[in-house]
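In: No sequence on hand, only this structure:
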């Protein structure tokens, strides 16, 4: 018998096959005739054990991965043998977007009734939100013509805010942490603002890329810079929202796992773990504030992009 000193990863199939061969060879060398069937049984048992170990280690790794909370999973799958085997599925992001839509609809319908004090308080809260968004729209776009964009900006604010707050609930799913959603919204907004500018100013809209009072020799360079900056709005608007939500949730996940391991190690460590636990509670309050701030920043920038397209400055 010999000792293998090389450090190998047992989750790799080449290593499993290598150890299977060692097991059979070592068992047969002592009695190659009588023990051959049992050796082959051991060969199969070792294979099953190794595969189970590999699966278990992979499962543990996925549970410890802070990014596993953002994984999009299929809840309902429908395969249609049409159009090259069309695959339709309802995922968890679809589920939570539907929940947010129902919550927004319910909150809006509550303002139509004044049955009790709770509803009246919500009506007052919604009026405060509407006044805030209305002031943002009138100050950023225009006090007269900018009011027609108020319903869109208010809906956008409520959508982002409700989805941010849903993501703060433990064991829920944060839709605004996914770039596919935030980029879809940001690209649509910038494209819509560009369409408004072209519809109002026609070809004069492209004067937006020429800074006022710049020397004629620098116009090609400055136009290129302004054009790249304009295209970057598509990415920066969605990236800012998703990156802030994603980083906050990841940090809370890591700190929570670290604190849990400390507090479950003994009574002394439980007392010591109260310090990081208090930090997690404080950071959760900060994340709650960020949920409101990011929704407001998103609509402020949206109003700014609409103003640039309408006024060309």
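Out: Cool, got the structure. Since the structure is predicted, the reported quantities are computational estimates derived from the model, not experimental observations.
In: what's around residue 225, how many residues?
Out: 13 (other C-beta atoms under 10 Å). Glycine gets a C-beta too; all of them are placed from N, C-alpha and C.
In: swap that for residue 210, sorry
Out: Neighbours of residue 210 (other C-beta under 10 Å): 13.
In: Check the gap between it and residue 216 for me.
Out: 10 Å (C-beta to C-beta, to the nearest Å).
In: repeat for residue 206
Out: From residue 206 to residue 216 the distance is 16 Å (C-beta to C-beta).
In: And residue 73, by the same measure?
Out: As judged by C-beta to C-beta, residue 73 and residue 216 stand 57 Å apart.
In: same thing with residue 291?
Out: The separation that residue 291 has from residue 216, given C-beta to C-beta, amounts to 48 Å.
In: With neighbour numbers in mind, choose between these two.
Out: The neighbour comparison of residue 291 against residue 216 (other C-beta under 10 Å) goes to residue 291, with 23 against 6.
In: so where's this protein shaky on pLDDT?
Out: By pLDDT under 70, the weakly predicted segments of the chain are 1-64, 66, 82-83, 111-120, 313.
In: what residue is smack in the middle of it?
Out: residue 177 (1.8 Å; C-alpha atoms, centre = their mean).
In: Does that one touch residue 252 like I think?
Out: No. Using C-beta atoms under 8 Å, residue 177 is not in contact with residue 252, being 11.8 Å away.
In: can I see the domain layout of this structure?
Out: As assigned by automatic domain parsing, the chain contains the domains 9-53, 94-311.
In: Look up how far residue 74 lies from residue 89.
Out: Distance from residue 89 to residue 74, by C-beta to C-beta: 4 Å.
In: and the spatially closest residue to residue 214 that is not a sequence neighbour, how far is that from residue 208?
Out: Leaving aside its sequence neighbours, residue 214 sits nearest to residue 222 (C-beta to C-beta, 6 or more residues apart in numbering; 5.4 Å). As judged by C-beta to C-beta, residue 222 and residue 208 stand 12 Å apart.
In: other SSEs contacting the one helix or strand the residue nearest to residue 214 maps to?
Out: Taking DSSP states H and E as the definition, one finds residue 222 inside helix 219-263. Judged by 3 or more C-beta pairs under 8 Å, 6 or more residues apart in numbering; DSSP states H and E, the packing partners of helix 219-263 are helix 150-167, helix 179-201, helix 267-272, helix 274-311.
In: Pull out the buried positions in the first one.
Out: Of all the residues in helix 150-167, those buried under the rule 16 or more other C-beta atoms under 10 Å are 150, 153-154, 156-167.
In: And for stretch 271-287?
Out: Neighbour counts using 16+ other C-beta under 10 Å place 273, 276, 277, 287 of stretch 271-287 among the buried residues.
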